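Visitor: With the input below, show me the fold.
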Amino acid sequence: MMNKRKLIGDALAELVDQARTGGPKVRVGLMAAGSELGAEELLRGAVLSTDQDSRLQVVAIGAKVPGYDNLEWIEAPHCEADMAAAMESALADGRISGAVALHYPFPMGVTTIGRVITPARGKPLLIASSTGMSATSRTEAMLRNAVYGIAVAKALGMEKPTVGILNLEGAASVQRALVRLSESGYAIQFASSVRADGGSLLRGNDLLAGAADVCVCDTLTGNVLMKLFSAFNTGGSFEALGWGYGPSVGEKWEKVVSIISRASGAPVIANALCYTASLIRGKLILCVQRELAAAKTAGLDQIISSITSTPVRGEEISAPLQQPTDSEIQGVDVLSIEAAVEELWKVGIYAESAMGCTGPVVKVPGSLVGRSREVLSKTGYL
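Guide: Numbering: from 1, shown residues only. So this is what the prediction gives:
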């Protein structure tokens, strides 16, 4: 009888809470260790986020920290691998709808869309992209990043986000491809530079002024931009501004995992949690699917084929029997990452390519790290 009363009481309390806060809470996990600023900085961010968003329920993942018993916890040993496993389990079984992590080895084809505050006008700017990698070819990646940036903007409630292309090597090709995509029926609202000559190619002045809603760039440049915008006024050791490196997006990718830095301070952590919750409410995964479908209808795949050259390949290499890849090898150039994986396949080692927060990685079984490094060194990839 007592259990039944408690269940009824809990259900009523939940209904009252939903009525008071305006709807059901979005449950977002937070890796509660690994920051260079200490675990308490992460948890201060969690507390700040629920003050900002009453419909957000933060679920801390890790070893409990004294003084933060009021947070909901999924307890895991003070080890990054164990916390990552607990986070994956909670995402898989629906205990959380999304997560904020300090590191995640995204598979190739998945990237993140960061968000910063621009200093000249105080306007938010989406950086597409900031970690991970949507394609190994820079031009293809930037094209896809434009579509993913638009999807994130729409999930945030922007009906017609403006899009600008950072003036990097290859930007003109990307601009021409986006114009072709637009002329073929994919709706793109191009931004205009604040410089006298205008145009949708963005310079540094445009980033400072927030001339676009979405800045399209390659992931490594985006990562640098995120760090500069987040920590330019603190000397670099404490990221104080912005919303973090953003949520994961990609074709057929169905997780909302947002990234923060090990130098992210509590204000950025709080914003990242709220950013993630907002995108879950805005049905980010569905938005990505819709934008990709619309872009493909307008010829995205054909345009990508026309602007990216495919190297001549020899015999097809098949992957060995799949094994858990719990270790990472860094140092392989991003343009060679797929070829490096195939070199390992040739000698019977199962490997996968991925993009971590610091660059591309080859994922291999932990027991085969030494042999894998020997093979990659011998073949010139390391």
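Visitor: Just the element for F229, please.
Guide: helix 219-231 (DSSP states H and E).
Visitor: Might you report the residue contacts of L344?
Guide: L344 makes contact with 350-351, 362, 364, 372, 375-376 under the criterion CB atoms under 8 Å, 6 or more residues apart in numbering. (Glycine included, C-beta is placed from N, CA and C.)
Visitor: quick one: it and G359, what's the gap?
Guide: Distance, L344 to G359, by CB to CB, to the nearest Å: 18 Å.
Visitor: all strands of the stretch 1-150 of the chain, in order?
Guide: All strands of the stretch 1-150 of the chain, identified by DSSP state E, counting those that start in this stretch, fall at 26-31, 56-62, 72-75, 98-101, 106-107, 110-117, 124-133.
Visitor: mind checking which of the ones you listed is nearest Q289?
Guide: Smallest distance to Q289 across the strands of the stretch 1-150 of the chain (CB to CB): 14.0 Å, for strand 110-117.
Visitor: What are the buried residues along that closest one?
Guide: Counting neighbours by 16 or more other CB atoms under 10 Å, one finds that the buried residues in strand 110-117 are 110-117.
Visitor: Equivalent analysis for stretch 47-57, please.
Guide: 48-50, 53, 55-57.
Visitor: quick one: which of those residues is nearest I74?
Guide: Q57 (12.2 Å).
Visitor: was I right about R27 contacting I96?
Guide: Yes - here R27 reaches I96: they are 4.7 Å apart, a contact under CB atoms under 8 Å.
Visitor: and for the two, which residues touch both?
Guide: Counting by CB under 8 Å, 6+ apart, the contacts common to R27 and I96 are V59.
Visitor: pLDDT below threshold where in the protein?
Guide: Scanning the chain with the threshold set as pLDDT under 70 gives 1-22, 309-314, 357-358.
Visitor: Okay, domains of it per the record?
Guide: Per automatic domain parsing, the structural domains of the chain span 15-101, 106-307, 327-378.
Visitor: Please identify the most buried of the ones you listed.
Guide: Greatest average neighbour count among those goes to domain 106-307 (a mean of 21), per mean count of other CB atoms under 10 Å.
Visitor: Contacts for stretch 197-207, please.
Guide: By CB under 8 Å, 6+ apart, stretch 197-207 touches 118, 125, 163-167, 171-172, 175, 190-195, 211-212, 215, 225.
Visitor: Could you do stretch 229-237 as well?
Guide: With CB under 8 Å, 6+ apart as the test, stretch 229-237 has contacts from 36, 116-119, 125, 227, 238-242, 261, 263-264, 268.
Visitor: before we move on, the earlier item: looking at the contacts of stretch 197-207, which are in strands?
Guide: Among these, the members falling in strands (DSSP state E) are 125, 163-166, 190, 215.
Visitor: Make a markdown table out of those residues and add distance to Y381.
Guide: Output for those, formatted as a markdown table (distance: CB to CB, whole Å):
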| residue | distance to Y381 |
| --- | --- |
| L125 | 36 |
| V163 | 35 |
| G164 | 35 |
| I165 | 31 |
| L166 | 29 |
| F190 | 39 |
| C215 | 32 |
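Visitor: Select, from those residues, the two members most distant in space.
Guide: Between any two of those (CB to CB), the greatest distance is 15.4 Å, for L125 and F190.
Visitor: thinking again about what came up before, between the strands of the stretch 1-150 of the chain, which one is closest to A272.
Guide: The minimum distance between A272 and the strands of the stretch 1-150 of the chain falls on strand 98-101, with 5.1 Å, by CB to CB.
Visitor: mind checking how far T325 is from V341?
Guide: 10 Å.
Visitor: Could you do A231 as well?
Guide: 34 Å.
Visitor: again, but for I329
Guide: With distances taken as CB to CB, I329 is found 10 Å from V341.
Visitor: so what sits against both of those two?
Guide: By CB under 8 Å, 6+ apart, the residues touching both I329 and V341 are V362.
Visitor: Just the strands from the stretch 151-300 of the chain, written as ranges.
Guide: Remark: strands assigned in the stretch 151-300 of the chain by DSSP E, counting those that start in this stretch are 162-166, 189-190, 201-202, 214-216, 246-250, 257-259.
Visitor: Looking at those strands, which is nearest to I337?
Guide: strand 246-250 (15.9 Å).
Visitor: If you count contacts, what does the closest one end up packed against?
Guide: Helices and strands in packing contact with strand 246-250 are listed as strand 106-107, strand 110-117, strand 124-133, helix 138-155, strand 257-259, helix 266-281, helix 284-297; criterion 3 or more CB pairs under 8 Å, 6 or more residues apart in numbering; DSSP states H and E.
Visitor: Select, out of those, the one closest to I337.
Guide: Closest approach to I337 among the helices and strands packed on strand 246-250 (CB to CB): strand 124-133, 8.8 Å.
Visitor: My guess is L181 contacts I188. True?
Guide: Yes - the pair L181 / I188 is scored as a contact, 6.8 Å apart, by CB under 8 Å.
Visitor: which residue is nearest the centroid of this protein?
Guide: Among the residues of the chain, the one closest to the centroid is T112, at 2.4 Å (CA atoms, centre = their mean).
Visitor: quick one: that residue from K255, how far?
Guide: In this structure, T112 and K255 are 11 Å apart, going by CB to CB.
Visitor: shared neighbours, these two?
Guide: Contacts common to T112 and K255, judged by CB under 8 Å, 6+ apart, are S248.
Visitor: Turn the buried residues of stretch 47-57 into TSV, including distance to Q302.
Guide: TSV is the format used below for the buried residues of stretch 47-57 (distance: CB to CB, whole Å):
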residue	distance to Q302
L48	47
S49	43
T50	47
D53	42
R55	42
L56	42
Q57	44
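Visitor: So which of those residues is the closest to E251?
Guide: L56 (28.1 Å).
Visitor: That closest one and K346: what is the separation?
Guide: Per CB to CB, L56 is found 48 Å from K346.
Visitor: my read: the residue nearest to the centre of the chain touches Y245, true?
Guide: Yes - the criterion here is CB under 8 Å, and T112 meets it with Y245 at 5.2 Å.
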